[in-house]
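Student: Compute the structure for the input listed below.
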Amino acid sequence: MHDDQHGTAIISAAALLNALEVAQKSIDQVTIVINGAGAAAVSCTKLYKALGAKVSQMIMLDSKGVIRKDRPDLTVEKAEFATDRDLNTLEEAMVGADVFIGLSIADVVTPEMLLSMAETPIVFALANPNPEIDYHLACATRPDIIMATGRSDFPNQVNNVLGFPYIFRGALDVRATKINEAMKVAAVRALAELTKEVVPEQVNITYGETRLAFGKDYIIPKPFDPRLIGTIPVAVAKAAVESGVAVNPIEDWDKYKEDLLSRSGNDNKLIRQMHNRAKLDLKKIVFAEADHLDVLKAAQFVYEEGIAIPILLGHAEVIKALMEELEFEADLCIVDPKDDAAKAKRIVYGQAYWESRRRTGITQYIAENKMKERNHYGAMMVLEGDADGMISGYSRPYAMVAKPILELIGRAPGVGRVASTNIMITDRGPLFLADTTMNIDPTAEQLAEIALMTAQVVSTFGFEPVIALLSYANFGTSEHPHATKVKQAVKLLHTQHPNLLVDGELQLDFALNKDLHQSIFPFSKIAGKKVNTLVFPNLESANITYKLLKEVNHADSIGPFLMGLKNPIHLIQLGASVQEMVNMAALTAIDAQERSPNKKSNS
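Tutor: A predicted model of the protein is given here:
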């Protein structure tokens with residue numbers, strides 16, 4: 001099985017079935033024009049035939065034009081799809097056609113050809129990187145068109161990544177001796193049916209959509225859909241078993257699906273989704289220590305990958321020299337807060353800072369001088385709307401950076417305490433840990449507030465928060481104040497937010513082992529559920545745990561994500577890696593998107 005041939009056939013066939021359903025047409029009645037007669041085109045056409053398309057209704061073209069039965073020296077593959085119609089050119093073949101499948105070259109289809117097609121034409125222009133007709137031109141020419149391309153920047157991307165890994169996963173798991181037609185058809189139908197199900201919110205978020213739903217602009221699942229791993233391999237494996245080519249048949253299909261989902265836990269999907277989401281609405285992010293090599297490397301990656309637009313703070317000459325060393329060519333804003341070039345802004349920012357702090361012992365002179373410090377200057381850029389967000393903390397201890405940020409930015413309305421959460425990418429999936437950096441010994445009321453803010457972060461990433469408030473005790477086994485404050489926090493949450501999936505006080509193993517939890521504490525609100533959010537009773541336990549996971553289990557850490565600040569400013573840990581800074585920049589960009597007045601609703 002060759003992915004470019006059979007993979008393209010499977011994905012395009014699933015899209016075709018759904019497009020025909022949207023167009024209210026039947027596969028055995030439509031006229032299909034296939035432009036291209038290579039291996040991929042032949043594989044696609046054979047699979048369409050297996051799904052019910054009539055060879056008599058197909059018109060295939062190669063570089064010489066329409067493949068007709070009276071043409072001499074046809075290969076066996078081309079002869080199977082030769083037509084006896086009196087047609088010679090693509091222009092002639094397109095008249096009255098219901099479907100066009102392009103597996104050829106760019107710009108061979110004209111607007112006039114589209115206008116000659118049947119009502120609600122289906123056009124799969126799959127040439128890459130440029131399709132057979134430009135997407136926008138096609139849609140402007142035929143508003144009733146249902147169109148797919150091979151590109152990710154347009155709706156309905158026909159991409160082999162939707163099939164290749166999952167088809168082979170299913171085949172390998174049952175040790176199939178071959179990949180037969182039944183397995184291909186099973187993959188087609190599974191993909192087609194998955195498109196009609198309710199799309200997970202995290203997919204909507206990743207692609208910047210309010211709500212993806214089956215229709216002309218959504219006829220095939222998105223590549224980052226997490227349901228693919230639990231759907232396609234199962235369908236393929238079942239077809240292999242039923243068609244007699246499986247050496248190792250699966251008996252418990254529910255367990256197999258659960259195993260598939262667990263396999264995908266630590267594959268950095270969340271990070272890729274986060275980067276992809278940041279790209280949807282580019283934000284200007286201040287890198288407050290850009291004269292450090294690793295910080296500038298992170299800014300370069302962020303810029304070149306289109307995650308955000310960096311603003312570089314630091315010694316301008318050092319930054320420029322490092323950019324030359326890195327061959328980082330970009331027309332970006334570089335600011336040295338101490339330079340004369342920044343004096344005008346220092347005065348503006350200093351005035352604003354003084355007006356907000358003049359009753360706390362800050363004079364106007366001190367306020368303006370504070371603007372020579374990059375963290376103060378960068379924070380004021382965000383506060384005054386000259387930037388959308390900021391990251392800092394690479395070269396200084398966390399507390400030293402946090403103090404001025406908290407003074408300048410302050411808490412968001414209604415927030416009692418600023419807290420933080422770290423997102424840990426683990427084998428069991430993402431875990432949200434709070435509070436990892438800010439509150440040393442929170443009260444019960446503060447723990448409840450931290451849990452609520454963390455739940456909002458979890459929801460922002462498209463997950464339903466399932467929260468455990470941790471302790472060394474389980475449900476009242478200790479009357480020590482350290483345990484009872486957690487118990488009181490849970491009581492507050494249950495009373496004030498009865499629909500929130502939260503419980504405690506719980507030991508960590510009971511929180512994470514859902515079978516153990518279910519068997520011992522079946523009364524718990526989160527019994528039998530997969531916990532994804534852990535709220536710790538104090539700073540030292542949270543901070544130690546997340547760093548232990550990071551170092552011993554090599555779990556990727558995203559964060560700390562500051563919760564409760566008025567503006568999107570986030571602090572990295574001292575000596576953070578380039579990848580951690582890139583992830584934090586993406587996280588900051590998403591935070592800025594969430595706060596934007598033009599933000600799309602994801603409800």
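Student: so what secondary structure elements neighbour the helix or strand residue 275 falls within?
Tutor: Element membership for residue 275 (DSSP states H and E) is helix 269-279. Here helix 269-279 touches helix 201-206, strand 419-426, strand 556-563, helix 578-595, going by 3 or more Cβ pairs under 8 Å, 6 or more residues apart in numbering; DSSP states H and E. C-beta here means a position set from N, CA and C on the backbone, and glycine is covered the same way.
Student: Mind picking out the helix or strand in this protein with the poorest mean pLDDT?
Tutor: helix 201-206 (a mean of 72; mean pLDDT, DSSP states H and E).
Student: quick one on the thing from earlier: who wins for proximity to residue 375 among the helices and strands packed on helix 269-279?
Tutor: Closest approach to residue 375 among the helices and strands packed on helix 269-279 (Cβ to Cβ): strand 556-563, 13.7 Å.
Student: Next, format the helices and strands packed on helix 269-279 as CSV and append mean neighbour count and distance to residue 247.
Tutor: Listed next are these as CSV, based on neighbours: other Cβ atoms under 10 Å; distance: least, Cβ to Cβ, whole Å:
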stretch, mean neighbour count, distance to residue 247
helix 201-206, 21, 35
strand 419-426, 25, 33
strand 556-563, 24, 36
helix 578-595, 23, 41
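Student: rank the ones you listed by pLDDT, which is bottom?
Tutor: Of all the helices and strands packed on helix 269-279, helix 201-206 carries the lowest average pLDDT, namely a mean of 72.
Student: For the stretch 451-600 of the chain, which segments are assigned as strands?
Tutor: Assignment of strands within the stretch 451-600 of the chain using DSSP state E, counting those that start in this stretch yields the ranges 466-470, 501-506, 533-535, 556-563, 569-571.
Student: Do I have it right that residue 119 meets residue 143?
Tutor: No: counting by Cβ atoms under 8 Å, residue 143 is not a contact partner of residue 119; they are 11.6 Å apart.
Student: which of those two has more neighbours?
Tutor: For residue 119 versus residue 143, neighbours defined as other Cβ atoms under 10 Å are more numerous around residue 119 (10 against 6).
Student: for the more buried one, helix, strand, or coil?
Tutor: Taken by DSSP: H, G, I helix; E, B strand; the rest coil, the conformation at residue 119 corresponds to coil.
Student: how many neighbours does residue 41 have?
Tutor: Around residue 41 there are 26 residues (other Cβ under 10 Å).
Student: Nearest spatial neighbour of residue 115, chain-adjacent residues omitted?
Tutor: Nearest non-adjacent residue to residue 115, counting by Cβ to Cβ, 6 or more residues apart in numbering: residue 141, 6.5 Å away.
Student: residues touching that neighbour, list them.
Tutor: Residues near residue 141 by Cβ atoms under 8 Å, 6 or more residues apart in numbering: 111, 114-115.
Student: For the stretch 151-300 of the chain, which segments count as strands?
Tutor: 284-287.
Student: can you pull out the helices in it?
Tutor: With DSSP state H, counting those that start in this stretch, the ranges of helices along the stretch 151-300 of the chain come out as 164-173, 181-195, 201-206, 228-242, 253-263, 269-279, 293-304.
Student: my read: residue 108 touches residue 132, true?
Tutor: Yes: using Cβ under 8 Å, residue 108 makes contact with residue 132 at a distance of 5.1 Å.
Student: quick one: which of the two has more around it?
Tutor: Using other Cβ under 10 Å as the criterion, residue 108 and residue 132 rank with residue 132 on top: 26 against 18.
Student: Report the secondary structure state of residue 71.
Tutor: coil.
Student: any idea how far it is from residue 31?
Tutor: 20 Å (Cβ to Cβ, to the nearest Å).
Student: Neighbour count: those two, which is higher?
Tutor: For residue 71 versus residue 31, neighbours defined as other Cβ under 10 Å are more numerous around residue 31 (21 against 14).
Student: so where's the stretch 501-603 of the chain shaky on pLDDT?
Tutor: Scanning the stretch 501-603 of the chain for pLDDT under 70 picks out the ranges 598-603.
Student: try 80
Tutor: 553-556, 597-603 (pLDDT under 80).
Student: returning to that earlier point: in the helix holding residue 275, what counts as buried?
Tutor: Going by neighbour count (16 or more other Cβ atoms under 10 Å), the buried part of helix 269-279 is 269-271, 273-278.
Student: Just want the angle from that helix to strand 419-426.
Tutor: If you take axes from the mean of the first three to the mean of the last three Cα atoms, to 10 degrees, helix 269-279 sits at 120 degrees to strand 419-426.
Student: the inter-axis angle of helix 269-279 versus helix 293-304?
Tutor: Using the same axes, to 10 degrees: helix 269-279 against helix 293-304 is 70 degrees.
Student: Could you check how far helix 269-279 is from the centre of its chain?
Tutor: With Cα atoms, centre = their mean, to the nearest Å as the basis, helix 269-279 stands 4 Å off its chain's centre.
Student: and if you look at stretch 576-588?
Tutor: Distance, centroid of stretch 576-588 to centroid of chain: 15 Å (Cα atoms, centre = their mean).
Student: Pull out the C-alpha coordinates of that stretch and format them as CSV.
Tutor: The C-alpha trace of stretch 576-588 is given here as CSV (Å, rounded to 0.1, in the frame of the first residue of the first chain):
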residue,chain,number,x,y,z
ALA,A,576,14.0,28.0,30.8
SER,A,577,14.7,26.1,27.5
VAL,A,578,14.1,27.5,24.1
GLN,A,579,11.1,25.2,23.6
GLU,A,580,9.6,26.2,26.9
MET,A,581,9.9,29.9,25.9
VAL,A,582,8.3,29.2,22.5
ASN,A,583,5.4,27.4,24.2
MET,A,584,5.0,30.2,26.7
ALA,A,585,4.9,32.8,23.9
ALA,A,586,2.2,30.7,22.2
LEU,A,587,0.3,30.5,25.5
THR,A,588,0.6,34.3,26.0
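Student: what does that stretch contact?
Tutor: Contacts of stretch 576-588 (Cβ under 8 Å, 6+ apart): 271, 274-275, 277-278, 283, 285, 287, 294-295, 297-299, 301-302, 307-308, 310, 389-391, 393-394, 556-559, 561, 568-570, 572-573.
Student: Skipping its backbone neighbours, what lies nearest residue 246 in space?
Tutor: residue 174 (3.8 Å).
Student: right, I mislabeled it, should have said residue 468
Tutor: residue 511 (3.6 Å).
Student: Can you give me the distance of that neighbour to residue 526?
Tutor: Distance from residue 511 to residue 526, by Cβ to Cβ: 8 Å.
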